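Participant: just the structure for this:
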Amino acid sequence: MVSYLDIVFDIPLKQVYSYRSDEKGEAALGKRAMVPFGRREVMGYIVGEHEGPPPDLAPEKIKAIRRVVDKEPVFGAVNAALARWMADFYLCGPGEALAAMIPSARRVDSTPSFTDEGLLGEGHELSGEQEAALKGIAGMYAELEQHGARVNSAGQKSRDATQMAYLYGITGSGKTEVFLRAADLMLKAGKSVIYLVPEISLTHQTAGVIRKRFGGAAATLHSGMKNSERLTEWMKIRRGESRIVAGPRSAIFAPVQNLGLIIIDEEHDASYKSGNTPRYHARQIAMRRSRDEGALLLMGSATPSAEAWKLMTEGRIRRFTLSRRLSGGSLPSITPVSLARTEGCLSVELKDEIRKTALAGRQSILFLNRRGFSYFYHCRDCGYELTCKRCSVSLTYHKSLGKAVCHYCGYRSEAPSSCPECGSLEAGFTGFGTEFIEEELKHTFPDLRVRRADADTTGGRGSLEKLLDEFRGGEIDILLGTQMVAKGLNFPGVRLVGVVFADTGLHLPDFRAAERTFSLIVQVAGRAGRYFPDGKVIVQTLRPFDPAIKLACALDVEGFFEAELRQRAAANFPPYTRLIRFTVRSKDEAKADRAAARLAALVRPALPPDAELLGPAECPIGIQNGNYRRHILLRGPDMAPIHRAASLLLDAYGREKESAVYVEADVDPVNLL
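Facilitator: The predicted structure follows:
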């Protein structure tokens, strides 16, 4: 008998397409197939199978698939259900959601199966606070299991049994060991674990610790792997051969069997939010999976997100606190230093501490969240500014390339020797990036080994991991880098951390600017003195009395959130409201303006009285890669009403789309640029 397949594609449509199965009968739910789609042959995802054709289609009009890609299914009913939820919530197509989950390779290399050898649960002796946290987490999971059993016997959905916990602890207080012990408890109970970290640089460190602790039961998923490698790991996980999975954002989709625990380390980090469709947040996916699969969600950070902090204060997330450093370390001494009268980029105080650190045989980390040499070209005579021809941003001079580069679209041009507008020689680049600081460090400290870690120096496969291993091994005296060196990394030899310029993101037109600045300073400061009581942090700034910088230097997390949440409530911003952002882009400025105005007109009548429409307006970065950008924001106290309005808007707009105009939906945006 001929069977019929439901297939979705990686396109921005919620439609499910019908095809006839192959003659060999290889097609099945969870496999991918090459099928005719218009005039092309494209890959689709099989999400359903039926014996008869759809009632609204004649059998002779239904095309047959060309061939099946996979020998065994690469996703199951749980993945398909999650994709449907993502398509609904994040306003995208179910095929787009599946494409974000599943590695895109078509061939799986054969790899040996692993046993559970290595589930040793070894580690340092726990402190009293760690013991209390672990006991509390185990108790929460026991309650969850008991509740789940009651729920199942009553025939209700397991999502009613959701529980969330938070490990709030200063840097170096042993959060990782508690995470690992909690994971060990789950594995010994026959459950599986997903362990998320925000950056690939942290994936390598965490994966190494997990492999050492749990042996062959561990797997890693991240974008730095080849697609074939990722798919090989994916299938090992799906077959139950790997039961603890470490990785950044996309590892939340790992097809683990019998999920018991999801860990989100550095929960506050913005990189857990996807910048491409579907614009999902790994924390939201984790909350959904934990509800649907009866798992415990355990988050942790020294600087929680504002959303998590509010939920903890309300008792909706149970908090466990780690208040002291282990391994002989203590909280570092943090000194704010004004750059107002400093010559060059390194203050006297910072240079003195770098020298003292080197003489003591210890290491320094310098942090600056801006790569390149200099980032602003200005003519003193006519006021000309050198900006990207395709974006409304300044070009950054990269001395190693001899080029001015746009960090948004990649456009490059020759660095001008005189003002392109008036010919004046009183023109040039100002400001400083990591490349500039590297040159100044090498000039100031010619006897010290200086290395730079940013997107320009660590693009090669395995280069960042190699660099961090060299630093950990004592082969580098000063490590200078962007935020890839600021998060979670644990280097025993580090005495000094210098924040070269703390103000970089402070005054961006985004309501989260102060929160990001505060978190970055506290996080990077946490790299100092983790094993010794003499850690030092120098925070260079032009605004030493700004509340975010002042409270960060005091390591006053509670004081910061008390003030920040008060401001957010007064300004009607998250976590007291929910947002949905629509961004319009087009090469034609008039079309972008018309489309944004039409979106606003369509959605306005659908909004409830307690919600509001902000815009249309030009985005803070008004032109990017030659596209004019406009946006509107839907804001309301609850998500459901504005989400309904957003869905109606997309349906209405889709019926009369304007050509060469693209509309992007972002539910709960973390970046408004």
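Participant: which stretches of the chain have low pLDDT?
Facilitator: 1, 105-124, 148-162, 201, 327-330, 487-489, 529-531 (pLDDT under 70).
Participant: center of it, which residue is that?
Facilitator: Among the residues of the chain, the one closest to the centroid is S271, at 1.8 Å (Cα atoms, centre = their mean).
Participant: distance of that one from R568?
Facilitator: 22 Å (Cβ to Cβ, to the nearest Å). For glycine as for every other residue, the C-beta is placed from the backbone atoms N, C-alpha and C.
Participant: L508 against L673, yeah?
Facilitator: Yes. Using Cβ atoms under 8 Å, L508 makes contact with L673 at a distance of 6.9 Å.
Participant: between these two, which contacts overlap?
Facilitator: Shared contacts of L508 and L673 (Cβ atoms under 8 Å, 6 or more residues apart in numbering): P620.
Participant: report the contact partners of the residue nearest to the centre of the chain.
Facilitator: Contacts of S271 (Cβ under 8 Å, 6+ apart): P198, E199, P248, R249.
Participant: check E439 too.
Facilitator: F373, K399.
Participant: 6 Å instead?
Facilitator: E439 is in contact with no residue at all, counting by Cβ atoms under 6 Å, 6 or more residues apart in numbering.
Participant: equivalent analysis for G493, please.
Facilitator: Neighbour list for G493: R362, Q363, G474 [criterion: Cβ under 6 Å, 6+ apart].
Participant: and the second one, how many neighbours?
Facilitator: Using other Cβ atoms under 10 Å, Q363 has 25 other residues around it.
Participant: how near is the residue nearest to it when sequence neighbours are not counted to R472?
Facilitator: Nearest in space to Q363, with sequence neighbours left out and distances taken as Cβ to Cβ, 6 or more residues apart in numbering, is G493 at 4.4 Å. Here the criterion is Cβ to Cβ. By it, G493 lies 8 Å from R472.
Participant: again with A358
Facilitator: 17 Å.
Participant: so which elements touch the longest strand belonging to the chain?
Facilitator: Determined from DSSP state E, the single longest strand within the chain is strand 612-624. Counting contacts by 3 or more Cβ pairs under 6 Å, 6 or more residues apart in numbering; DSSP states H and E, strand 612-624 packs against helix 589-603, strand 627-636.
Participant: now the strands for the stretch 51-200 of the chain?
Facilitator: 67-68, 163-169, 192-196 (DSSP state E, counting those that start in this stretch).
Participant: how about these in CSV, adding mean neighbour count and distance to R516?
Facilitator: Shown next, in CSV, are these (neighbours: other Cβ atoms under 10 Å; distance: least, Cβ to Cβ, whole Å):
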stretch, mean neighbour count, distance to R516
strand 67-68, 15, 46
strand 163-169, 23, 18
strand 192-196, 28, 19
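Participant: can you add distance to E23 and give those back as TSV?
Facilitator: Formatted as TSV, these follow (distance: least, Cβ to Cβ, whole Å):
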stretch	distance to E23
strand 67-68	11
strand 163-169	49
strand 192-196	37
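Participant: for E562, find the nearest of the ones you listed.
Facilitator: strand 163-169 (14.9 Å; Cβ to Cβ).
Participant: other SSEs contacting the closest one?
Facilitator: So strand 163-169, by 3+ Cβ pairs under 6 Å, 6+ apart, packs with helix 128-154, helix 175-188, strand 296-301, strand 318-322.
Participant: alpha carbons of that strand, as CSV, please.
Facilitator: C-alpha atoms of strand 163-169 as CSV (Å, rounded to 0.1, in the frame of the first residue of the first chain):
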residue,chain,number,x,y,z
GLN,A,163,10.9,22.9,39.2
MET,A,164,13.7,25.3,38.8
ALA,A,165,16.7,25.9,41.0
TYR,A,166,19.5,28.5,40.9
LEU,A,167,23.1,28.2,42.2
TYR,A,168,23.9,31.8,43.0
GLY,A,169,27.6,32.0,43.9
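Participant: how about G174: what's its closest non-neighbour residue?
Facilitator: Closest to G174 by Cβ to Cβ, 6+ apart is L326, at 4.8 Å.
Participant: burial count for that neighbour?
Facilitator: Neighbours of L326 (other Cβ under 10 Å): 18.
Participant: do L602 as well
Facilitator: 17.
Participant: ok, it touching L649?
Facilitator: Yes. If you go by Cβ atoms under 6 Å, L602 and L649 touch, sitting 5.3 Å apart.
Participant: look at G44 and give its secondary structure.
Facilitator: Put simply, G44 is strand when judged by DSSP: H, G, I helix; E, B strand; the rest coil.
Participant: got the contact list for it?
Facilitator: Counting by Cβ under 6 Å, 6+ apart, G44 has contacts I7, F9, A33, V35.
Participant: how near is the third one to M43?
Facilitator: Yep, that's A33 we're talking about. Distance of A33 to M43, computed by Cβ to Cβ: 7 Å.
Participant: between those two, which one's more packed in?
Facilitator: Higher neighbour count among A33 and M43: A33, with 23 against 17, using other Cβ under 10 Å.
Participant: could I have the CA atoms of the helix or strand hosting that one written out in PDB?
Facilitator: Using DSSP states H and E, A33 falls within strand 32-37. Provided in PDB are the C-alpha atoms of strand 32-37 (Å, rounded to 0.1, in the frame of the first residue of the first chain):
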ATOM      1  CA  ARG A  32      15.200  13.500   6.000                       C
ATOM      2  CA  ALA A  33      14.300  13.200   2.300                       C
ATOM      3  CA  MET A  34      15.200  14.900  -0.900                       C
ATOM      4  CA  VAL A  35      12.000  16.000  -2.600                       C
ATOM      5  CA  PRO A  36      10.900  18.100  -5.600                       C
ATOM      6  CA  PHE A  37       9.900  21.500  -4.400                       C
END
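Participant: and the contacts of the helix or strand containing R566?
Facilitator: In the assignment (DSSP H and E), R566 maps to helix 557-571. Residues outside helix 557-571 that contact it (Cβ under 6 Å, 6+ apart) are W309, F518, L551, Y576.
Participant: how many neighbouring residues does the nearest residue to the first one once chain neighbours are set aside have?
Facilitator: Using Cβ to Cβ, 6+ apart and skipping the chain neighbours, the partner closest in space to W309 is F561 (4.8 Å). Counted with other Cβ under 10 Å, the neighbours of F561 add up to 23.
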